[in-house]
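S.K.: Build me a structure from this.
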Amino acid sequence: MSSIRRVVVTGIGAITPLGSTAPAYWEGLKNGVSGAAPITRFDATKFKTRFACEVKNYNPTDYFERKQAPKMDMFTQFAVIASDEAIADAGLLDGVDKDRVGVIWGSGIGGLRSLQEECFQFERGDGTPRYSPFFIPRMIADSSSGNISIKNGFRGPNFVTTSACASSNDALIAAFNNIRLGLADAIVTGGSEAAITESGVGGFNALKAMSERNDDPASASRPYDKDRDGFVLGEGAGALVLEEYEHAKARGAKIYCEIIGGGMSSDAYHITAPDPSGSGVVLVMRNALRDAGIEPHEVDYINTHGTSTPLGDGAEIKAIETVFGEHAPKINISSTKSMTGHLLGGAGGIEAVASILAMKYGLVPPTINLHTPDPEINQNLNFTPNVAQAREVNIALSNTFGFGGHNTSVLFRKLSE
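M.R.: As a prediction, the model looks like this:
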């Protein structure tokens, strides 16, 4: 691991299909709850997929003033809500130099809901093109980091990473590097998405990427299962406060864990399909291990990308076998997407939170709906099927991969002096 500056996690927050706070999210994860249910955001009757993992009973007025909420797309609302929880958890507003605190956020799609609404409605009344003055600020992806910064007065590095489903982990790695290189003392990071819209569902249906198990949504996301038929769309946000170790110690902050490495790579293969050989995934995990200065046998838990797609799941497992060799069967592997669905660019945020809490509580969340193992996938590995497993987790790896061949891996470790 680089000896420049150590980086720790001092706050977490989440709003997810399993619960609207990090503790509620963890309760859902450890109990193997599915967040999938019929879509309520719009009338999905005529769509091939009529279910998703929505944030339940979401009402923006529970979090924002009546005039404030319409100025933000739902993905930004989720970003602010999760960040508020993480910032409060870290006690980050108390006596810190806000010139040295930044926000680096991830979102793969951004304000899709706002874009869709304006495109549907721009010919208002007499047919003259009219657009809301909030349209562009709601739509652009960097409105998430901008709103978090404005609300809290953080004047450090501020931007958004957009790399499809790898967006959140790319944001985490950028935040990690900014802190260890001395460009900031603390950064709020993570990711959010709110793409459960007509265009989001219809677009992914057209790609034949999503499950169409409308008769049983709760069992639709089934990574590594022989009968998997695509991913389930999710929404929400996960947030972390990353902080330089000595800075955190000096202000008496509680510390969840240390972030010790991040890897990035490209499949350089296809705009939507993963490389079936898993070569890009092999490279990204090796890059993360090299950056952290650790050996493969030191990893206890992998929160996999595991989307429940026929091609993607197998390629990732092949890569894990290649990188970890004889140690692979000794690792707990689980896909929490089996419960939350796939948050696209927000996935890495909530999955980082899941990995950190698995470390904190010594409990690996399960891969649910794994009932008929796929004979094409090595079943000698421990996929943590259906029920959480008690295990001391000292080092956790979180993988996210995105359309375009973007691969990212992040490593967390229990704090050692």
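S.K.: What is the least confident helix or strand in this structure?
M.R.: strand 123-124 (a mean of 66; mean pLDDT, DSSP states H and E).
S.K.: what element comes up after that strand heading to the C-terminus?
M.R.: Per DSSP states H and E, the first helix or strand lying C-terminal to strand 123-124 is strand 128-129.
S.K.: Now the residue lying closest to F204 once chain neighbours are set aside. Its backbone dihedrals?
M.R.: Take F204 and drop its neighbours on the chain: the residue closest to it by CB to CB, 6 or more residues apart in numbering is M210, 4.8 Å away. Heads up, the C-betas are built off the backbone N, CA and C, glycines and all. For M210, the backbone dihedrals are phi -100, psi 150 (criterion: degrees, to the nearest 10).
S.K.: which stretches of the stretch 101-250 of the chain form helices?
M.R.: Taking DSSP state H, counting those that start in this stretch to define them, one finds helices in the stretch 101-250 of the chain at 112-121, 135-139, 143-152, 167-180, 198-206, 245-250.
S.K.: Kindly apply the preceding question to the stretch 251-400 of the chain instead.
M.R.: With helices called from DSSP H, counting those that start in this stretch, the stretch 251-400 of the chain shows them at 279-292, 310-324, 337-340, 347-361.
S.K.: To T128, which of these lies closest?
M.R.: Of all the helices of the stretch 251-400 of the chain, helix 347-361 sits nearest to T128, with 40.5 Å by CB to CB.
S.K.: In CSV, list the C-alpha atoms belonging to that closest one.
M.R.: Extracted as CSV, the C-alpha positions of helix 347-361 are listed here (Å, rounded to 0.1, in the frame of the first residue of the first chain):
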residue,chain,number,x,y,z
ALA,A,347,-24.3,0.3,-7.0
GLY,A,348,-20.7,0.8,-5.7
GLY,A,349,-21.9,3.3,-3.1
ILE,A,350,-24.4,0.9,-1.4
GLU,A,351,-22.1,-2.1,-1.9
ALA,A,352,-19.2,-0.3,-0.2
VAL,A,353,-21.5,0.3,2.8
ALA,A,354,-22.5,-3.4,2.7
SER,A,355,-18.9,-4.4,2.7
ILE,A,356,-18.0,-2.1,5.6
LEU,A,357,-20.9,-3.3,7.7
ALA,A,358,-20.0,-6.9,7.0
MET,A,359,-16.6,-6.1,8.4
LYS,A,360,-18.0,-4.3,11.4
TYR,A,361,-20.5,-7.0,12.4
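S.K.: Between helix 167-180 and that helix, find me the angle.
M.R.: For helix 347-361 against helix 167-180, the angle by axes from the mean of the first three to the mean of the last three CA atoms, to 10 degrees is 70 degrees.
S.K.: which parts of helix 347-361 are buried?
M.R.: Residues of helix 347-361 classed as buried: 347-359 (neighbour count, 16 or more other CB atoms under 10 Å).
S.K.: How far away from the center of its chain is it?
M.R.: 9 Å (CA atoms, centre = their mean, to the nearest Å).
S.K.: What mean pLDDT does that helix get?
M.R.: Computed over helix 347-361, the mean pLDDT rounds to 98.
S.K.: What of stretch 215-230?
M.R.: The model assigns stretch 215-230 a mean pLDDT of 97.
S.K.: and what of stretch 6-22?
M.R.: Rounded mean pLDDT across stretch 6-22 is 98.
S.K.: Endpoint to endpoint, it covers what distance?
M.R.: 24 Å (CA to CA, to the nearest Å).
S.K.: circling back: didn't the residue nearest to F204 look like it was pressed against G203?
M.R.: No: contact criterion CB atoms under 8 Å: M210 and G203 do not qualify, at 9.7 Å.
S.K.: Tell me which residue of this structure is furthest from the middle?
M.R.: When distances are taken from the C-alpha mean of the chain, D126 lies farthest, 43.0 Å away, according to CA atoms, centre = their mean.
S.K.: What's the separation between that one and F134?
M.R.: Distance, D126 to F134, by CB to CB, to the nearest Å: 22 Å.
S.K.: same deal with I15?
M.R.: From I15 to F134 the distance is 22 Å (CB to CB).
S.K.: Over to L181?
M.R.: From L181 to F134 the distance is 36 Å (CB to CB).
S.K.: I'd say R6 and E258 touch.
M.R.: Yes: the criterion here is CB under 8 Å, and R6 meets it with E258 at 6.3 Å.
S.K.: what touches both of these two?
M.R.: Counting by CB atoms under 8 Å, 6 or more residues apart in numbering, the shared contacts of R6 and E258 are Y245.
S.K.: which residues does L381 contact?
M.R.: I317, I320, E321, A328, P329, I331, I333.
S.K.: Show me just the buried residues among these.
M.R.: I317, I320, E321, A328, I331, I333.
S.K.: Just give me the closest of these to G190.
M.R.: Among the buried ones among the contacts of L381, I333 lies closest to G190 (CB to CB), at 22.9 Å.
S.K.: roughly how far apart are that closest one and E118?
M.R.: Taking CB to CB, one finds I333 at 42 Å from E118.
S.K.: can you list the weak-confidence ranges in the stretch 1-150 of the chain?
M.R.: By pLDDT under 70, the weakly predicted segments of the stretch 1-150 of the chain are 1-3, 123-125.
S.K.: again, 90 this time
M.R.: Filtered on pLDDT under 90, the stretch 1-150 of the chain yields the residue ranges 1-4, 94-95, 118-133.
S.K.: which residues of it fall in strands?
M.R.: Taking DSSP state E, counting those that start in this stretch, the strands of the stretch 1-150 of the chain run over residues 7-15, 37-38, 51-52, 101-106, 123-124, 128-129.
S.K.: Tabulate the CA atom coordinates of the longest one in CSV.
M.R.: Output in CSV follows, covering the C-alpha atoms of strand 7-15 (Å, rounded to 0.1, in the frame of the first residue of the first chain):
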residue,chain,number,x,y,z
VAL,A,7,-7.4,7.1,4.3
VAL,A,8,-10.2,5.9,6.6
VAL,A,9,-14.0,5.7,6.5
THR,A,10,-15.6,7.8,9.3
GLY,A,11,-19.2,8.0,8.1
ILE,A,12,-21.7,6.0,6.1
GLY,A,13,-25.2,6.7,4.8
ALA,A,14,-27.7,4.9,2.6
ILE,A,15,-31.2,5.1,1.1
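S.K.: just the angle between it and helix 167-180, please?
M.R.: 150 degrees.
S.K.: Make 3 the first number, not 1, from now on.
M.R.: All set: I'll call the first residue 3, so the last point we hit is now strand 9-17.
S.K.: Show me what strand 9-17 is packed against.
M.R.: helix 24-32, helix 76-92, helix 169-182, strand 238-246, helix 247-252, strand 259-268, helix 349-363 (3 or more CB pairs under 8 Å, 6 or more residues apart in numbering; DSSP states H and E).
S.K.: Please consider this matter closed, and thank you.
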